[in-house]
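Undergrad: Okay, here's the prediction I keep looking at, along with the sequence it came from:
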Amino acid sequence: MKVKISNIKINPGRRDTQQRNVEELARSIAAVGLMNLITVTQDNTLIAGLHRLEAVKLLGWTEIECTISDADGLQAELAEIDENFVRAGLSHRELGDLLLRRKELYEAIHPETRQGQRNGQTAKNDKLTVLAAKPFSEDTADKLGISKRTVERLVQTAANLTPEAKKTIRNAGDKITKGDALKISRLPPDQQAEAAAVLTIAPPTPKKQGMMDSEAALREFTSLCSRYVSGIKSLHHRAGIFAGMSISQFDALGNSAYSVTTAIKEFFEKVHEIRHEMENEHEN
């Protein structure tokens, strides 16, 4: 359904768009059209697709094709928060605040998942808990691909930090880590802002000797992926030859492709494992 762009409402508090991403999307939409529709409520409040909306505005569109959601109220806000999770550049403080609000909404929609009520249901009827919604931390961890423990710690941090401490942490950028913020949140409220301020002037932790610079590592990985994508694209004009292969040749083709995806999967599993260990060391 097409909606006038001027009629689309954007809730206050949404994160600002990133201009570079908007411009890239605008070029893509100009070339191939709007492949993924934005989502709005029945009263034209935006749920998902702020960058796409800003991109078509840049192109001078006055109307945009939308998916109209039946969600309203709490459900619509929950969907909007879930859309924000896919945004790049979320700081741990911003993510924590989003998770805290998501917890409030999720447990209002699914009151049976609150810890005390869920325990009571388990004691009364195990079959009921099988059909019930997942607890907040489990549902959120599944959606974000992170551990339940990480979700719980981020929510705990966001819930316990004072507004003054949050402001200092936000302004500190990378100087205050997720682990530091958790430790600050466990202090008495009247000590949090001062503790956060001290960390903003602390000297940066020196890099371990021999560790590859992260930017250099990123360039190496990006270059490798670029060469791989370019190589695969160069085979497109010979797709007919591959299509005419024997079953055994086709199996060998599949095995080669599978070995690549397996290697990538194992690499990211290793990265996540080491990252988790580093976070635990810092938090302790």
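TA: Good, I have the coordinates.

Undergrad: Would you agree residue 245 is in contact with residue 254?
TA: No - counting by C-beta atoms under 8 Å, residue 245 stays clear of residue 254, with 10.4 Å between them. In short, each C-beta sits where N, CA and C put it, glycine included.

Undergrad: any idea how this structure splits into domains?
TA: Using automatic domain parsing, the domain parsing of the chain gives 2-71, 81-200, 214-283.

Undergrad: Could you single out the most deeply buried of those?
TA: Scoring these by mean neighbour count under mean count of other C-beta atoms under 10 Å gives domain 81-200 as the most buried, with a mean of 17.

Undergrad: start to end distance for it?
TA: This stretch, domain 81-200, spans 29 Å end to end (C-alpha to C-alpha, to the nearest Å).

Undergrad: gap between residue 225 and residue 4?
TA: Distance of residue 225 to residue 4, given as C-beta to C-beta, to the nearest Å: 41 Å.

Undergrad: typo on my end, it should be residue 67
TA: In terms of C-beta to C-beta, residue 67 sits 16 Å off from residue 4.

Undergrad: before we move on, what about residue 271?
TA: 45 Å.

Undergrad: again, but for residue 59
TA: To residue 4, residue 59 is 15 Å away according to C-beta to C-beta.

Undergrad: quick one: low-confidence ranges for this structure?
TA: 13-16, 72, 86-89, 115-132, 202-212, 281-284 (pLDDT under 70).

Undergrad: Might one say that residue 142 is in contact with residue 136?
TA: No - using C-beta under 8 Å, residue 142 makes no contact with residue 136, being 11.0 Å away.

Undergrad: Could you pull up phi and psi at residue 39?
TA: Note on residue 39: backbone dihedrals following degrees, to the nearest 10 are phi -120, psi 130.
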